[in-house]
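Enquirer: Below: sequence and its predicted model.
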Amino acid sequence: MHVGASFIFQNPDDQRPDGEVWAADLALADLAEPLGFQSIWATEHHITDYIMCPDPVQFLTYMAGRTKDVKLGTMVVVLPWRDPYRVAEEISVLDHLSGGRVIFGIGRGAGRVEFNGFGIPMDESRERFVEAAEMVLTGLEQGYCEYDGKHYTQPRVDIRPRPAQTFKGRSYAAAVSPESAEIMAKLGIGLLIIPQKPWEHVAKELADYRALFNRVNCFDAPPPVTAGWTFVHEDEEAAYEGALRYIGGYWDSVLRHYEFAGDHMKTTKGYEYYGKFADNLAAQGADEATKFFMNLQVWGTPEMCYEKIVSISNKAGSDSFVGVFSYAGMAAEEAERNMRLFASDVMPELKKVAPIAERQPAAAE
């Protein structure tokens, strides 16, 4: 199994100066390759303290110069907030700088505060995502961008430096709603999965995605990349307390950033599924919703974490796991302890896990 680490630069309630948060997470990122992690990931968010990484490509370019072998993954670049031609250029540059180590992850965003900040109508996000994804993914394969759509019109222009190799098989997208999974299948790209809903729902959506992917592309979908908020401790009780504090704290930041307590998702085109998601949260109650999310993530003793990640891998049909080790105001020392213990006591065993095609042949079909 491939094991990576993601860095999110979170500063809930401005507990520390932003520069201190960045310095701490950069120090953790510097540990990733020496500790044996096989990839470094970053995601894109703007404006709030939720995740302070407005440009994952910029961060990964910095890390490309500080590492030799680790893959560099975007989880994700939010296409509706960007010029797609510029995205294609930036990804091509990063791939050249890193010697072909890029894993290209894309998404459409769901934070109203961010869409408002960019002056982009949120109800256009799905259309904008599809058009931008078509332009970028096609452009990276053919070496130039050209597009005539409703939201993007791009006369033919070369991508320089030209992409040196294909991005097929290393392009993924985040998909929460069933409709998004269908779009990714038609685009011919893999899925990024962060556990956040019942696995029986995920299983059905994955089966539909794989069937459509095969029908449209005439070959099997790649195994998805799975990720999770991770808290490991030698003592099970301390692990539970830490998970409740930190994974629960992260979940609270999700609720605030995405405004799930409001009703705007229900009436925003393309986000109806999120509206139902909000209804389910309200029905559960705050404490139960927190525990539900916490138990979808990875926490416990090293043995418990290993078993949970293998279980997630089996359910998703995945060959990879990306852990997040610093979040929710966690002190730098605690984040480093968390990451080091995972690297020493969990990761070596995960790397021994056979590919999903050998464990569950049907899951890879």
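Expert: Structure's in. What do you need?
Enquirer: would residue 48 count as being in a helix?
Expert: No: assessed by DSSP: H, G, I helix; E, B strand; the rest coil, residue 48 does not belong to a helix; its assignment is coil.
Enquirer: What number of residues are in the vicinity of it?
Expert: Under the neighbour criterion other Cβ atoms under 10 Å, residue 48 is assigned a count of 17. Every C-beta, even on glycine, is put in place using the N, C-alpha and C of the backbone.
Enquirer: Excluding residues flanking it in the chain, which one is nearest it?
Expert: In this structure, residue 48 finds its nearest non-sequential neighbour in residue 257, 5.6 Å apart by Cβ to Cβ, 6 or more residues apart in numbering.
Enquirer: For residue 45, see how far away that neighbour is.
Expert: Computed as Cβ to Cβ, to the nearest Å, the residue 257 to residue 45 distance reads 8 Å.
Enquirer: Now the common contact residues for the two.
Expert: Residues touching both residue 257 and residue 45 (Cβ atoms under 8 Å, 6 or more residues apart in numbering): residue 111.
Enquirer: Pass me the low-pLDDT residue ranges in the chain, would you?
Expert: Counting by pLDDT under 70, the chain has low-confidence residues at 361-365.
Enquirer: Can you pull up the most central residue in it?
Expert: The structure's the chain has its C-alpha centroid closest to residue 75; by Cα atoms, centre = their mean the separation is 3.6 Å.
Enquirer: Verify the stated contact: that one with residue 174.
Expert: Yes: with contact taken as Cβ atoms under 8 Å, residue 75 and residue 174 are classed as touching, separated by 7.3 Å.
Enquirer: Quick check: neighbours shared by the two?
Expert: Each of 105, 192 lies in contact with both residue 75 and residue 174 under the rule Cβ under 8 Å, 6+ apart.
Enquirer: what's the single longest strand in the chain?
Expert: When the chain is parsed with DSSP state E, its longest strand is strand 225-232.
Enquirer: Buried ones in the next helix or strand after that strand, by neighbour count?
Expert: Using DSSP states H and E, the helix or strand that follows strand 225-232 in sequence is helix 236-242. For helix 236-242, burial by neighbour count (16 or more other Cβ atoms under 10 Å) applies to 239-240, 242.
Enquirer: Would you map the strands across the stretch 201-350 of the chain?
Expert: Under the criterion DSSP state E, counting those that start in this stretch, the stretch 201-350 of the chain carries strands at the ranges 225-232, 298-300, 320-324.
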